[in-house]
Every structure is written in structure tokens, then in C-alpha cells.
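**Q** fold the following.
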Amino acid sequence: MIAHIASDQHRFRLSVASLSAPGARASNEDYLGMIDMGTRGCCLALADGAGGHGNGALAARLTVDAVLEGYRDNPLFAPAGLASLISRAEHTVSAEQPASVSRQHMCATVVLLCIEPTTGRALWAHWGDSRLYCFRADKVHRMTEDHSLVQQLLHAGIYQKDDLRQLPNRSVLSGAIGAHSQVPPTVLGEAIALEAGDAFLLCSDGLWENLQEADMEAALSAADRPDAWLQQMVASVLAAGKPNQDNLSAHALWVTLEDNPT
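**A** Have a look, this model is predicted:
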């Protein structure tokens, strides 16, 4: 997708690339999608499913489809709007769980990014351990905080290590779509203004847990397009040859100056 923001205050070009790979798994239970509604905004969503019997893939697809359908029906650019998209996905997945015994425990993480083109702002939300990174001047500017057991233990002071990648039980979630969890989703409370050079990365844990933030920054500095950035990061993870490499998926959105918008 290539979109434009052209107003008196903003003249940006938005470029989006997406990539998904099964890793070393027999199937891919990640799912991602986007919707571009022109002047009404755009929304990117990514989900990482779990639950066995292939129903993780179903949970992920239901989650992303519910988010994008909800945005299409009501593209409300506000924290309450994003919260309602996650709530819609939660109701959709929960409604399918009683359909069969194999679906009872299906669930999915979710992360979404919405762009409001008129004002040139971004807003995001997530539930689980799929992440959003915001890069400014090729450096990590902000990132989401996982809804996971180890993140809670870090907050409680039981674990002292800052990098979750090396901690046991890192993949145990404290919140996700369909998980009937006590930990609510997180929605950014106030939108951020876009700047030329900003880059956003939405990714499943199959990517970020195998790639340090410094490596993401280095790949970003070396890339000339968002698809090249994603390809470099995924290739780096797969080159490690991890025998149990999880599915890895990502959206990348770049903000660049637009000299002659069309």
C-alpha cells in the first residue's frame, strides 16, 4: 500500500509492506491484514494464534478480520475506537469457542496500528505479546509492553533481567483474545504526531524474540524500502536455523516526505 497525507500541515507518503513465514513449523498460525479507507484513515492488524488442532490459525484470522471489519464500519480514531475493535475481536473468537471441543482453548494475540491522515497522527493498541515498535531517526522511539507472565514478574521485582528473551516461560501470556484473561488490552492513551522518517513495525514474537532491537535499527538504516527492511530481518532470523523457530510475521509502515502528492 502507498497512501498520501497532503494538507496545509502535513505532506507525507505512507508505504506499507507485509511478510509472513512459517519458520520451522508445519503450519502458520499468524495472520495479518490491513484496510485503507483513504481520507478516513487506515488500519493495520496482526494476530498470532494458539490453541492446538490448527485452531490457533482460526483464532488469528477471526481476530484480524473482526478488527478490520470493525474499522471499516466505524473508523473512529480515538482510544475508545481501538478498544472497541479489540472488544469486537474478543466477542467474535469467544463466540466460536463452544462450536467444538477442539476450539475451546483457541486464542490469539493482537496488535493494531491506525493512521489518521487528516491530522497526520498514529494510534495503536495490543493484547498479548505481539509488539509494535515506533522508530524515529532509525532508533527505537517507543514500543509496546507484553501482556505476559514474565513481564508481570519483572514488574513485581521477582525477575531482574530487562530482556525477556532469555527468561523461562516467556511465552506464557497474561492476556489475549479469547483467553478469558484478567489483564485488559493496552490502548495508547494519546495519539502521536507523525514525522518524516518515522517507521512502525508490528510483529509476532517469532520475529522479535529472535532479533535484538539494535539489529532492527541496523536493518532499518540499511534498507531503502519497507519490504527490504522486513526481508532482511526475517532472513537474519531464519539464517540462525533455530530448530523450533516459530511463525514470524510483520507489517512495516514508513513515513516519508511527499514532494508532489497525487
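
**Q** K139 - how many residues pack around it?
**A** Per other Cβ atoms under 10 Å, the neighbour tally for K139 reads 12. Heads up, the C-betas are built off the backbone N, CA and C, glycines and all.

**Q** secondary structure class for the closest residue to it other than its chain neighbours?
**A** In space, and not counting its chain neighbours, K139 is closest to E217: 5.8 Å by Cβ to Cβ, 6 or more residues apart in numbering. Secondary structure for E217, judged by DSSP: H, G, I helix; E, B strand; the rest coil, is helix.

**Q** next one, pLDDT for H53 please.
**A** Here the pLDDT value assigned to H53 is 69.

**Q** repeat that for L248.
**A** pLDDT recorded at L248 is 97.

**Q** on that earlier part again, and the residue nearest to K139, how far is that from R136?
**A** 11 Å (Cβ to Cβ, to the nearest Å).

**Q** tell me where the stretch 51-200 of the chain has helices.
**A** With DSSP state H, counting those that start in this stretch, the ranges of helices along the stretch 51-200 of the chain come out as 55-73, 79-96, 149-155.

**Q** pLDDT weak spots in the stretch 1-150 of the chain?
**A** Scanning the stretch 1-150 of the chain for pLDDT under 70 picks out the ranges 1-10, 53.

**Q** name the nearest residue to W127, ignoring sequence neighbours.
**A** Excluding its sequence neighbours, the residue lying closest to W127 (Cβ to Cβ, 6+ apart) is P185, at 3.7 Å.

**Q** for the one you found, give me its contacts.
**A** The contact partners of P185, taken as Cβ atoms under 8 Å, 6 or more residues apart in numbering, are A83, I86, V110, A125, H126, W127, H147, G175.
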